[in-house]
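> what follows is a predicted protein model with its sequence.
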Amino acid sequence: MDQLASALLAYPREANLDSSVNDADYDRDTKAHVTKLSKLLKEQHADIVAHGAELLELLNSAVNSLSYLAVLHTLIIPSIVTSLPRDFILEKLVLFLVTFDARQCRYARSHLQDIFLAAGSGQYLPPSAAVEALSTAILRLDPTGSLLTSSHILLAKLAYETNNIEPALQVIDKNIVFFPGMANYGEPKHLGDLSLPPPAYLSRETGLTGILKSAQVLEYDLLRGMMYCSRRDWAKAYDAFEKIVTFPTREGSTSKIMIEAYKKWVLVGLLLKGKLVEPPSYTGAAANKLYGILAKEYIAIAVLFTTDNAQALKAEVERNDQIWLEDGNRGLAQEVLAHYQKWRVLGLQEIYSKISLSEIRQQTTSAETGSVLAKDEDVEMLIQNMIISGMLSGVIEKNDDGTTFLTFLSPFTELSEQDFAKELSNTALRLKELHPIFKTTKERLGTSKEYIKHLVKEEKRTEKNEPDPTLAFDAHVDDEDLMGGVVATG
């Protein structure tokens, strides 16, 4: 035990704790320690298991990260050892994920990916803890969050399927600009060089991420879009679906996920922009043509959405209810009906700067009922919802004669301190009143999880039978045994 502990504690030396240490020296010392760890894992596996608890207590996860990882990996992979309390091991797993030294762990190869997989598998940790720990770990390894890894997809699946979206936002909000294998960086001269861009150290050569196929890239943005929908963040959902709609394909091929994303993109576009928007000019011609054919029911309601015929829109949505259900889009279709009158209200600001709620009730129609609203109070609730969500810039006030009216504001209009305080108080009250509505719509938008699973499964089944029609990501990866592949150099 003492000899084993001494070997695990031997790194890092005090000089290596300084982030400004020479890259060549850091690289040499770290690779030498990894070589020793590989030998220990092979020759003293039983001792590591027997003294696992003592070793984890002795090691500092933030300082002795590679040694800590080696012990943790031994106790968890391929399954948690039964000789130690499960809760103790899982506590140490979470501790490691949120504290490990990112520079050291660039040398961990597939061991680190194995630990990420264990955390995100949903088998060991409660979903809320797993999502938060994995999100933190992903950004520790790559603070920019700009390279899509297999861990991102694992995180997105777990967060969406278990409805633990909030802690995952710190990762899924990041802009992805790199993919594994998209550039041939090879293995860098000094893996611990802190100036390296993410693709240089997060690659198949370093073993820190798996290879991604196009279906996985599409799946990630589909899950992001659905998560944003559940949060009613239409702008981010729209952007996520648009990435799929415009995904580059080979020789006119279009995947099922792209078709389904287009349908959601059309619906979310109505919520966000109030009209049908043509796909961007860089959308593939073949894909564009298929979208028009295979999503004709969606385009039909988008056309009706811009008319004054609320009853026709309502009838069209109800007539195709089975299609929305089968596509996992019933919740979004219902949101389209709910937003129809909101966009009619927004249209009034092109004519009026101030208008009574009674006039709004008479001039706009609900597509949910096909009729005008029954009471001015219903109009007030509708407008309050719009103001709180940020859809409408305006204030509701009363004249001396008791008439309630809406004043449209410029987005740049500044309220006086007194008016601002009054509006803040009113907003708090409205939020309380609207809570049941938000809860209902959130549930309505979260009912398509099973369909998403089915869609991704079908996409992967197709990929097994046909060549990948989209991105030509590197399809070859060499398996690394233990922490092999990192060779100490003199």
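On my side now, so go ahead.

> L158 belongs to a strand, doesn't it?
No - L158 is assigned helix when assessed by DSSP: H, G, I helix; E, B strand; the rest coil, not a strand.

> okay, now it: neighbour count?
Look at L158: counted by other C-beta atoms under 10 Å, it has 21 neighbours. Bear in mind the C-beta positions are built from the backbone N, C-alpha and C, glycine included.

> and for the one 10 residues further on?
Neighbours of A168 under the rule other C-beta under 10 Å: 23.

> for the nearest residue to it once chain neighbours are set aside, what are its contacts?
Closest residue in space to A168, ignoring its immediate chain neighbours: A159 at 3.7 Å, by C-beta to C-beta, 6 or more residues apart in numbering. Contacts for A159 (C-beta atoms under 8 Å, 6 or more residues apart in numbering) come out as V131, I165, P167, A168, I172, L223, M227.

> show me what contacts the first one?
Remark: with contacts taken as C-beta under 8 Å, 6+ apart, V131 is in contact with L155, L158, A159, T162, N164, P167, A168.

> gap between the first one and S281?
In other words, L155. 33 Å (C-beta to C-beta, to the nearest Å).

> try the third one
Remark: distance between A159 and S281 (C-beta to C-beta) = 33 Å.

> for P188, which non-adjacent residue is spatially closest?
A200 (4.9 Å).

> so that neighbour is in which element?
helix 198-201 (DSSP states H and E).

> C229 is in contact with A240, correct?
No - contact criterion C-beta atoms under 8 Å: A240 and C229 do not qualify, at 9.1 Å.

> what comes up buried for the strand or helix carrying F405?
Here F405, judged by DSSP H and E, is contained in strand 404-408. Counting neighbours by 16 or more other C-beta atoms under 10 Å, one finds that the buried residues in strand 404-408 are T404, F405, L406, F408.

> what would those look like in TSV with distance to H33 and pLDDT?
Listed next are the buried residues of strand 404-408 as TSV, based on distance: C-beta to C-beta, whole Å; pLDDT from 0 to 100:
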residue	distance to H33	pLDDT
T404	73	95
F405	73	95
L406	68	97
F408	66	95
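
> between the contacts of A159, which is closest to V345?
Closest approach to V345 among these (C-beta to C-beta): M227, at 28.2 Å.

> once you drop chain neighbours, what's closest to the closest one?
For M227, the closest residue by C-beta to C-beta, 6+ apart turns out to be I165, at 4.9 Å.

> and the pLDDT for that neighbour?
Per-residue pLDDT puts I165 at 97.

> that one - how many residues pack around it?
20.

> and it, what does it touch?
A159, M227, S230, R231.

> where does the closest residue to Q170 other than its chain neighbours land in three-state SS?
Spatial nearest neighbour of Q170, chain neighbours left out: S135 (5.5 Å); criterion: C-beta to C-beta, 6+ apart. What three-state DSSP gives for S135 is helix.

> please look at S135 and V171 and confirm they touch.
Yes - counting by C-beta under 8 Å, S135 does reach V171; the two are 4.8 Å apart.

> and the residue most central in space within the chain, how far is that from G122?
With distances taken as C-alpha atoms, centre = their mean, I172 lies nearest the centre of the chain, 3.4 Å away. If you measure I172 against G122 using C-beta to C-beta, the figure is 17 Å.

> L75 now?
From L75 over to G122 (counting by C-beta to C-beta), the distance is 19 Å.

> neighbour count for these two, which is higher?
Counted by other C-beta under 10 Å, L75 and G122 do not tie: L75 has more neighbours, with 22 against 15.

> hang on, that one packs against R86?
No - contact criterion C-beta under 8 Å: L75 and R86 do not qualify, at 10.3 Å.

> what angle separates the strand or helix carrying Q384 from strand 404-408?
In the assignment (DSSP H and E), Q384 maps to helix 376-389. Inter-element angle recorded for helix 376-389 and strand 404-408: 30 degrees (by axes from the mean of the first three to the mean of the last three C-alpha atoms, to 10 degrees).

> any idea of the mean pLDDT for helix 376-389?
95.

> against which helices or strands is that helix packed?
Here helix 376-389 touches helix 330-348, helix 357-363, strand 394-398, strand 404-408, helix 417-445, going by 3 or more C-beta pairs under 8 Å, 6 or more residues apart in numbering; DSSP states H and E.

> mind listing what the fourth one pairs with, with the direction of each?
Using DSSP bridges, strand 404-408 pairs in its sheet with strand 354-356 (antiparallel), strand 394-398 (antiparallel).

> circling back: which neighbours do S135 and V171 have in common?
L155.

> neighbour count for those two, which is higher?
S135 (26 against 22).

> for the more buried one, list the residues it contacts.
L155, P167, A168, Q170, V171.

> and it, how far from I172?
9 Å.

> helix/strand/coil for E318?
Applying three-state DSSP: E318 is helix.

> what about the closest residue in space to T306 that isn't next to it in sequence, helix or strand, and which?
Once flanking residues are discounted, T306 sits nearest to K275: 5.3 Å by C-beta to C-beta, 6+ apart. Using DSSP H and E, K275 maps to neither a helix nor a strand.

> check what pLDDT K275 gets.
97.

> over to the one 5 residues further on?
As predicted, P280 sits at a pLDDT of 94.

> what count of nearby residues applies to it?
By other C-beta under 10 Å, neighbour count at P280 equals 10.

> what about the stretch 1-150 of the chain, any weak spots by pLDDT?
15-16, 18-20 (pLDDT under 70).

> skip the chain neighbours and tell me the closest residue to A129.
In space, and not counting its chain neighbours, A129 is closest to V94: 6.3 Å by C-beta to C-beta, 6+ apart.

> thought the one you found was touching S128?
No - counting by C-beta under 8 Å, V94 stays clear of S128, with 11.4 Å between them.

> okay, the two: which has more neighbours?
V94 (20 against 14).

> part of a helix, is the more buried one?
Yes - V94 forms part of a helix when assessed by three-state DSSP.

> quick one: it and A374, what's the gap?
53 Å.

> list the contacts of stretch 258-265.
218, 221-222, 225, 229, 237-238, 241-242, 244-245, 247, 249, 279, 287, 290-291, 294-295, 298, 327-329, 332, 455.

> select only the buried ones of those residues in PyMOL?
Of those, the buried ones go into a single PyMOL selection, burial set by 16+ other C-beta under 10 Å:
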select buried, resi 218+221+222+225+229+237+238+241+242+244+245+247+249+279+287+290+291+295+298+327+328+329+332+455
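
> what's near enough to touch E43?
E43 neighbours (C-beta under 8 Å, 6+ apart): none.

> just use 46 as the starting number from now, easier for me
With the count now opening at 46, the last piece we talked about shows up as E88.

> follow-up on the earlier one: neighbour count for L200 and S326, which is higher?
Neighbour count, other C-beta under 10 Å: between L200 and S326, L200 has more, with 27 against 7.

> just checking, next helix/strand downstream of the helix or strand that one falls within?
Using DSSP H and E, L200 maps to helix 195-206. Downstream of helix 195-206, the next assigned helix or strand under DSSP H and E is helix 214-217.

> report all helices and strands that that next one contacts.
helix 172-186, helix 195-206.

> rewinding a little: what about the residue nearest to M272, distance to I221?
I210 is 18 Å from I221, by C-beta to C-beta.

> sweet, I'm off.
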